[in-house]
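Engineer: Curious how this folds, go ahead:
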Amino acid sequence: MNAINPDKVFSPAKLGPITLPNRVIKAATSEGRSPDGKVTQALIDFHKGFIQGGVGMTTIAYCAISAEGFAAPGEILMVRENISGLKQFTQAMHQAGGKASAQLGHAGPVATKQITGVQPIAPSRFRSPSSFQVCREISREEMKTIIRQFADAAEVAADANFDAIELHFGHLYLVSSFFSPWINKRKDEYGGSIENRTRFAKEILLAVKERVKDRLAIIVKMSMDDGIKNSIWLDESTQTARILDETGAVDAFELTMGSSVKHQMYLFRGETDLEGMSKTQKGIFRLGVKWFGKLVLGEYPYEHLYMLKSARQFQTVVKNAQLILLGGINDYVHLQTAMQEGFDFVAMGRALLREPDIINKLKDNPLGRGRCIQCNKCMSTVFQTTNCVFIPEYATSSKLPV
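Structural biologist: All right, here's what the predicted structure looks like:
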């Protein structure tokens, strides 16, 4: 690898129409701090800690574009009635010296009737292997409504002074499920070829771009592959990226893996915390997680930079947008490797949950190592208030842990 400026990762960098203080982004990780779908002080404090700890931009995880699109309890509802709290959030991040991004999504087949109150939807009739719920096929009229809701949510984010939005086109949420031939059995122009299965995402992207213009950066989060047989893999996801990139509407792709429907550990890698996950369930479902959890969730060993090999495949395909590397980034060497490999930004999740100030630490001591051990016990906290189990006090405090 060619030598580069050793301070590149910590220098200001352009992302579409904005400039970040550095090239590190706090990845969206479910927070559970918005019980009424609104911004709370706990949510502000949680994210302010990451900005104070050195990241250039932090991402509110999963802001639902509608009440029917919620994926889990305690998520933000990105509608105009909530704009006052959203403005408070962005103001706090800006005053702390960083940027703010909002992840926009519709859960689709990841949703459950217990959370949304309605039957979940998918491109075609589909039974979720995680929730066992049957999703009904979405209609063309409903698709038009969802396109408008994405544009509405993006406009709310812009009006609330967010610096970026992240369109969640990954993890087999609604938009991503259209990419998957495992789920998408449609016979119309939204099914069949990868061009057809990308059409819905393209229409959403263009509607969002038309609504917000260059008021903020547009990031697309998409799964490179999801670890499920006959679903999404690199041969088609690279084509999806090419189709979306050619619109000129994407400022950056955040490349991810896995799904929230099946084999969830393909995204996280490392230990599978069945004991913790079972405690989030009730009755027969609690026993089901203990007995069959590894079958549904999967087991995959952790490796540093475990998404790098797949992410390289997008570098020759994406011509207009920048690329954000995610997955297994835990120390200064990983940050530098991402830059040397030609990626423009890095996104970090679990490492920041464990040490919200890890970026400041690595800047001061490049030989330091992150403390995250990939135990994945944070996964079971997403149904309450997401936090690292080693620093539970950070769940309710903006004070950085030692």
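Engineer: Please count neighbours and contacts with C-alpha atoms only from this point.
Structural biologist: Will do.
Engineer: Can you verify my assumption that Ala107 contacts Gly69?
Structural biologist: Yes. The pair Ala107 and Gly69 passes the contact test of C-alpha atoms under 8 Å, sitting 4.9 Å apart.
Engineer: And the strands in the chain?
Structural biologist: Assignment of strands within the chain using DSSP state E yields the ranges 13-15, 18-20, 24-26, 57-64, 76-77, 99-105, 121-122, 126-127, 134-137, 164-169, 217-223, 252-256, 322-326, 345-348.
Engineer: mind checking which of the ones you listed is nearest Ile115?
Structural biologist: Closest to Ile115 of the strands of the chain is strand 57-64 (C-alpha to C-alpha; 12.2 Å).
Engineer: residues in contact with the closest one?
Structural biologist: Contact with strand 57-64 is made by 20-21, 24-31, 47, 50-51, 70-71, 75-78, 98-107, 168, as judged by C-alpha atoms under 8 Å, 6 or more residues apart in numbering.
Engineer: Run me through the strand neighbours of that strand, direction for each.
Structural biologist: Partners of strand 57-64 in the sheet, by DSSP bridges, are strand 24-26 (parallel), strand 76-77 (parallel), strand 99-105 (parallel).
Engineer: Quick one, which of the ones you listed gets closest to Ala311.
Structural biologist: Comparing the strands paired with strand 57-64 by their distance to Ala311 (C-alpha to C-alpha), the top pick is strand 24-26, with 16.8 Å.
Engineer: returning to that earlier point: including mean pLDDT, could the strands paired with strand 57-64 go into TSV?
Structural biologist: Putting the strands paired with strand 57-64 into TSV (pLDDT from 0 to 100) gives the following:
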stretch	mean pLDDT
strand 24-26	98
strand 76-77	95
strand 99-105	98
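Engineer: TSV please, covering those strands and showing mean neighbour count.
Structural biologist: Listed next are the strands paired with strand 57-64 as TSV, based on neighbours: other C-alpha atoms under 10 Å:
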stretch	mean neighbour count
strand 24-26	26
strand 76-77	28
strand 99-105	27
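Engineer: between the ones you listed, which gets nearest to Thr337?
Structural biologist: Across the strands paired with strand 57-64, Thr337 has its closest neighbour in strand 24-26 (13.2 Å, C-alpha to C-alpha).
Engineer: mind checking how far the closest one is from the chain centre?
Structural biologist: The chain centroid and the centroid of strand 24-26 are separated by 12 Å, computed with C-alpha atoms, centre = their mean, to the nearest Å.
Engineer: just to revisit the earlier point, any chance of the strands paired with strand 57-64 in TSV, plus distance to Pro123?
Structural biologist: Formatted as TSV, the strands paired with strand 57-64 follow (distance: least, C-alpha to C-alpha, whole Å):
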stretch	distance to Pro123
strand 24-26	31
strand 76-77	23
strand 99-105	15
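Engineer: Nearest approach to Phe200 belongs to which of those strands?
Structural biologist: Taking C-alpha to C-alpha as the criterion, Phe200 comes closest to strand 99-105 out of these, the separation being 13.3 Å.
Engineer: Relative to Ser131, how far out is the nearest residue to Lys185 once chain neighbours are set aside?
Structural biologist: Distances taken as C-alpha to C-alpha, 6 or more residues apart in numbering place Ser124 nearest to Lys185, at 5.7 Å, with adjacent residues excluded. With the distance defined as C-alpha to C-alpha, to the nearest Å, Ser124 ends up 17 Å from Ser131.
Engineer: swap in Glu271?
Structural biologist: Relative to Ser131, Glu271 is positioned 22 Å away (C-alpha to C-alpha).
Engineer: How many neighbouring residues does Glu141 have?
Structural biologist: When neighbours are defined as other C-alpha atoms under 10 Å, Glu141 has 9 of them.
Engineer: An error on my part: the question was meant for Ile194.
Structural biologist: For Ile194, using other C-alpha under 10 Å, the count is 18.
Engineer: just use 33 as the starting number from now, easier for me
Structural biologist: Taking 33 as the first residue, the last one we looked at is Ile226.
Engineer: Contacts only, for it.
Structural biologist: Contacts were defined as C-alpha under 8 Å, 6+ apart; by that measure Ile226 touches Phe211, Glu268, Gln271, Thr272.
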